[in-house]
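In: just the structure for this:
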Amino acid sequence: MAARLLLWTIRALTLLVVVVSVLPMIPSGQWWVRVWEFPRLQLTLALVIPLVLLAVLAWWHRPRLEHAAWLAVILATGGWQLSHILPFTPLWPTEVPAAEVKPGENRPTLKVMSANIDYTNERHDELLATVRREDPDLLLLIEVDRAWAEGLTPLDNHYEHRVGEVRSEGLGIMLWSRIPLLEQQVKHLVSERRPSIFVTLDVPGIGPVRYVGTHPVPPGLRDRIKSNDETTERRDSRVRDAELVLVARHVQQDPDNRWIVTGDFNDVAWSDGTRLFTDLSDLKDPRRGRRLLSSYHAHRPLWRYPIDHLFVSDGFHLIDLDRVRVPGSDHFAVTATLTAAEKDHARPEASVMEKKQAREMVEKGTEDAAEHGVSATQAD
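Out: This is a model prediction of the structure:
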């Protein structure tokens, strides 16, 4: 009886992990499908439980053919999950080369910091101290509401340039820069509630650099847009995916320039959506071949995912990449110090299928925004 119960436990746990592992392969924008792209590392670790139970059962009773079958299923599922994670470890080749800085060499550098500060957080002075310690040239802060905007006014003494939009409910986004801005614009790509920042930097010793800071809507977020601010259905991933595609299209249209794109994408580094974003834009991920750099949730190590991103074009080499704790926030900040490298001026070469998928994502995201009454008023 105990052996049968143990076998059924192994069957149930393994099948559960297999099902949620397969769900993201379904071409659907539903949040309860897309959310299973996030916990690939956690699902891999969860497979240890049926694996141990299977070993106990095989030791307790003579191994059977079914035991071998379940072992194969567990190992195959674990291998599938790990195939998404291993590119973000030192076992994989790097996408962004490490800069070779010789002793005494004075090369122009650019330090970028991106942080979701959590608009419910009230530790303004501690965040200012963190920014002073990190001393980035370019600082993107996400979820800046009116209280945060007032608390961060001392930054104006350290940064000559500021651009962005202050909004409530975690929708604000602001950029501070000590580097002159040749161009600046706040765009609402899909949703009028979700601003993105587009600027062109005049970086000394490097030249013009195009920069985008963005914060798409997370799948699974409860929608409070409708009447009386009542909680309604959870949002799917269509608006998020459409925004990322539109950012990628901006990069596609100007491949000769150097680009940096940062922000809280509300999407993991290994997802199909992020992969499509990088294929369309030809931007590189400095985490590949180095470290996972999971940034959310800062207070729950077992439920932590890499959703805060920094992508660069091929005209950069990496000096330093790090994760910084943001006092009071549920996100870590991501920092990177870059230097210029030879740019090959290659144009992004997405496949015909990827371009079709991108068009469909934009159409569906625009429809979703219209259905919820938040479609962007400007066409970007």
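In: when you work out contacts or count neighbours from here on, use the C-alpha atoms and nothing else.
Out: OK.
In: now do the same contact list for the nearest residue to residue 116 once chain neighbours are set aside.
Out: Closest residue to residue 116 apart from its sequence neighbours, by C-alpha to C-alpha, 6 or more residues apart in numbering: residue 142 at 4.5 Å. Residue 142 is in contact with 114-118, 170-174, 215, 263-264, counting by C-alpha atoms under 8 Å, 6 or more residues apart in numbering.
In: which strand residues bridge residue 142?
Out: residue 116, residue 173 (DSSP bridges).
In: report the buried members of the contacts of residue 142.
Out: 114-118, 170-174, 215, 263-264 (16 or more other C-alpha atoms under 10 Å).
In: now these as a markdown table including distance to residue 126 and pLDDT?
Out: Converted to a markdown table, the buried ones among the contacts of residue 142 look like this (distance: C-alpha to C-alpha, whole Å; pLDDT from 0 to 100):
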| residue | distance to residue 126 | pLDDT |
| --- | --- | --- |
| 114 | 16 | 98 |
| 115 | 14 | 98 |
| 116 | 14 | 98 |
| 117 | 11 | 97 |
| 118 | 13 | 96 |
| 170 | 19 | 91 |
| 171 | 22 | 94 |
| 172 | 20 | 97 |
| 173 | 19 | 98 |
| 174 | 18 | 98 |
| 215 | 23 | 97 |
| 263 | 21 | 97 |
| 264 | 21 | 97 |
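In: dump those residues to JSON lines, plus distance to residue 62.
Out: Shown next, in JSON lines, are these (distance: C-alpha to C-alpha, whole Å):
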{"residue": "114", "distance to residue 62": "56"}
{"residue": "115", "distance to residue 62": "55"}
{"residue": "116", "distance to residue 62": "54"}
{"residue": "117", "distance to residue 62": "56"}
{"residue": "118", "distance to residue 62": "55"}
{"residue": "170", "distance to residue 62": "57"}
{"residue": "171", "distance to residue 62": "59"}
{"residue": "172", "distance to residue 62": "61"}
{"residue": "173", "distance to residue 62": "61"}
{"residue": "174", "distance to residue 62": "64"}
{"residue": "215", "distance to residue 62": "55"}
{"residue": "263", "distance to residue 62": "54"}
{"residue": "264", "distance to residue 62": "51"}
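In: and of the residues you listed, the nearest to residue 371?
Out: Nearest to residue 371 among the buried ones among the contacts of residue 142 is residue 171, at 19.2 Å by C-alpha to C-alpha.
In: my guess is the closest one is in a strand, correct?
Out: No. With DSSP: H, G, I helix; E, B strand; the rest coil as the criterion, residue 171 is located in coil rather than a strand.
In: residue 305 versus that one, what's the distance?
Out: Noted for residue 171: a distance of 21 Å to residue 305, by C-alpha to C-alpha, to the nearest Å.
In: in this protein, where is pLDDT below threshold?
Out: Low-confidence segments of the chain (pLDDT under 70): 1, 104, 222-233, 345, 377-380.
In: and the helices in it?
Out: 2-22, 31-34, 40-46, 48-60, 65-85, 124-134, 146-151, 238-253, 272-281, 352-371 (DSSP state H).
In: and the ones you listed: which comes nearest residue 220?
Out: Nearest of the helices of the chain (C-alpha to C-alpha): helix 31-34, 5.1 Å.
In: give me the nearest residue to residue 369, chain neighbours excluded.
Out: Nearest non-adjacent residue to residue 369, counting by C-alpha to C-alpha, 6+ apart: residue 375, 4.6 Å away.
In: please apply the same query to residue 205.
Out: Nearest to residue 205 is residue 108, by C-alpha to C-alpha, 6+ apart, at 5.5 Å.
In: that neighbour touches residue 319, doesn't it?
Out: No. Assessed by C-alpha atoms under 8 Å, residue 108 is found out of contact with residue 319, at 11.1 Å.
In: who touches both of those two?
Out: Common neighbours of residue 108 and residue 319 (C-alpha under 8 Å, 6+ apart) are residue 339.
In: tell me which of those two has more neighbours.
Out: Taking neighbours as other C-alpha atoms under 10 Å, residue 108 and residue 319 compare with residue 319 leading, 17 against 12.
In: residue 154: neighbour count?
Out: 12.
In: quick check: the residue nearest to residue 205 vs residue 255, distance?
Out: Residue 108 sits 22 Å away from residue 255, taking C-alpha to C-alpha as the criterion.
In: now swap in residue 86 and tell me
Out: Applying C-alpha to C-alpha, the value for residue 86 to residue 255 is 29 Å.
In: same question for residue 88.
Out: Taking C-alpha to C-alpha, one finds residue 88 at 25 Å from residue 255.
In: one more: residue 148?
Out: Distance of residue 148 to residue 255, computed by C-alpha to C-alpha: 35 Å.
In: of those two, which one has the most company?
Out: Ranked by neighbour count (other C-alpha under 10 Å), residue 148 and residue 255 place residue 148 first, with 22 against 19.
In: quick check: the more buried one touching residue 123?
Out: No. The criterion here is C-alpha under 8 Å, and residue 148 misses it with residue 123 at 9.3 Å.
In: that concludes my questions; thank you for your assistance.
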